[in-house]
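>>> Dropping a prediction and its sequence here:
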Amino acid sequence: MEPENDCAWKPKQGMTFDSEQCVYDFYNTYGGTLGFSIRRDFCRKNKINNQFICRLLVCNKEGFRKGDKRDPLSKNPRAETRTGCEARLYVKLDEGTGKYVVTDFKEKHNHDLVSPECAYMLPSQRKISTTQAIELDLAAQSGLRLGQSFELMGREAGGRQCLGFTKLDLNSWVGKLLDNEEQITNMFWADAQMIMDYAQFGDVVTFDTTYKLNKEHRPFASFVGFNHHRETVIFGAALLYDETAESFVWLFQNFLEAMSGKAPKTLFTDQDAAMAKAIPIVMPDTSHCLCTWHLMQNALKHVNCLFQDNGVKGVLNKFFFDIEDTNQWKLEWAEMLDKYDAHEKHLLKLTFAVKEKWGWPYVRSTWAAGMSTTQLSESFNAFLKDYIRSDFNLNEFFMHFERVLYKKRYKELEAGYALCQR
């Protein structure tokens, strides 16, 4: 943000303060608003009454850190966080009035400032009130881990970041499909943050379904991608009655409606026929790619015995990642079938029939942001199982699913903050 010259919260030469602490508090509030941390630097005191005569406050990236005395023996040297920033505020005591007067103010920084969402992570902005400290002590005495205590306090405040800054928008998009008896069969959900994340990072999406996350063993489906920090971001979630093409058509339609009609450029799924049927109906311009990891797992399960000399990976990897020419690809596939007498293997027939969705010469020009698998979805599902129990009802499921989002988003904020400190 660009501060206006007449803003009351911006320091100016000649501004007066009642005490050194008032100076610090004012400059720290200013730093938190813009997105930088401050620290106390030079000061001079009256030797008789120990009163401050002058005080210099600087950006915490001022100067450069001295060499680590442990070097070169240190295995994990501290990252350099200072940039020689010259932003500062200098005050002197006016002995006539007893007030501190700003005599020097430099506002320009030589580094990126932290976004408002991450400002509460800045060292000088981190504050724990007496009440919060007591709550943490009581939680520790009750056996709660520190992370659980912070989660609880964050929920009380409306979000962990609200302990230092602002509140998340909790507006949600919810789609429901009811049967003839007005019972929910399919349910799709996306909140405001998911929709905003998708608008920025939704060009490449992985879609996957998994079971055993609810007592009815209904499929849980997730739309997942990654952001500019390569952190996993969730674009939407659903509980489905079944995995038919009709259910997937309904789900994809609701997903696009929530996302203002924007379809992903590339969608990764496993080798599911119902998904494959639904995708071109709802998203005809989206490139549908198959997860190479799932294809390899199927091959290991069903045809591993054919390739005992080189192994499945040794034989199939080149078709996934190496051969760039279409004719050469087809020729070597035919040679592979001849060599291992595998022409009648059903799995290989099915896999070849959808070669345009996974074969390297067919997909290498598809925009995929470095993805070739649905491992993002797989890892997210594994992470989800740490929070979700199979005996949860629908309300409990989504309540604890929000905990997962809460954790993921906090990691994203941490990654953004860490990037600003390099």
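Everything's here; your move. Numbering: from 1, shown residues only.
>>> residue contacts, residue 325?
residue 361 (CB atoms under 8 Å, 6 or more residues apart in numbering). Glycine gets a C-beta too; all of them are placed from N, C-alpha and C.
>>> how far away is it from residue 356?
Going from residue 325 to residue 356 by CB to CB, to the nearest Å gives 15 Å.
>>> now do residue 191
Where residue 356 is concerned, residue 191 sits at a distance of 35 Å (CB to CB).
>>> The two: who's more crowded?
Neighbours per residue, other CB atoms under 10 Å: of residue 191 and residue 356, the larger number sits with residue 191, 21 against 14.
>>> Need the phi and psi values for that one.
phi -100, psi 180 (degrees, to the nearest 10).
>>> Adjust the sequence numbering to begin at 29 for everything that follows.
Got it, the first residue is 29 from now on, which makes the last one we talked about residue 219.
>>> The closest residue to residue 136 other than its chain neighbours: neighbour count?
For residue 136, ignoring the flanking residues on the chain, the nearest one in space by CB to CB, 6 or more residues apart in numbering is residue 115 at 6.3 Å. When neighbours are counted by other CB under 10 Å, residue 115 registers 22.
>>> The one 4 residues further on now?
For residue 119, the neighbour count with other CB under 10 Å is 29.
>>> Likewise for the one 5 residues further on?
By other CB under 10 Å, 6 other residues sit near residue 124.
>>> In a strand, it, correct?
No. Counting by DSSP: H, G, I helix; E, B strand; the rest coil, residue 124 is located in no strand; its state is coil.
>>> Distance-wise, check it relative to residue 308.
Distance from residue 124 to residue 308, by CB to CB: 81 Å.
>>> in stretch 266-274, what's buried?
266-269, 271, 273 (16 or more other CB atoms under 10 Å).
>>> any idea how far the helix or strand residue 68 falls within is from the chain center?
Per DSSP states H and E, residue 68 falls inside strand 66-73. Centre-to-centre, strand 66-73 and its host chain are 37 Å apart (CA atoms, centre = their mean, to the nearest Å).
>>> who's in contact with the next helix or strand after that strand?
Per DSSP H and E, the first helix or strand lying C-terminal to strand 66-73 is strand 80-87. The contact list for strand 80-87 (CB under 8 Å, 6+ apart) reads 48, 51-52, 55, 59, 64-74, 113, 115-121, 128, 137.
>>> Now do the strands in the stretch 129-278 of the chain.
For the stretch 129-278 of the chain, the strands defined by DSSP state E, counting those that start in this stretch occupy 200-206, 212-219, 232-238, 248-254, 260-267.
>>> Extract the C-alpha trace of the last one and format it as PDB.
Once side chains and other backbone atoms are set aside, the C-alpha atoms of strand 260-267 remain, and they are given as PDB (Å, rounded to 0.1, in the frame of the first residue of the first chain):
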ATOM      1  CA  THR A 260      -1.100 -27.800  -2.000                       C
ATOM      2  CA  VAL A 261      -4.300 -25.800  -2.300                       C
ATOM      3  CA  ILE A 262      -7.900 -27.100  -2.300                       C
ATOM      4  CA  PHE A 263     -10.300 -25.800  -4.900                       C
ATOM      5  CA  GLY A 264     -13.400 -27.800  -3.800                       C
ATOM      6  CA  ALA A 265     -14.600 -31.000  -2.100                       C
ATOM      7  CA  ALA A 266     -17.600 -33.300  -2.400                       C
ATOM      8  CA  LEU A 267     -19.300 -36.300  -0.900                       C
END
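>>> Can you give the strand pairings for that strand, parallel or anti for each?
As defined by DSSP bridges, the strand partners of strand 260-267 come to strand 212-219 (antiparallel), strand 248-254 (antiparallel).
>>> What mean pLDDT does that strand get?
The predicted model gives strand 260-267 an average pLDDT of 87.
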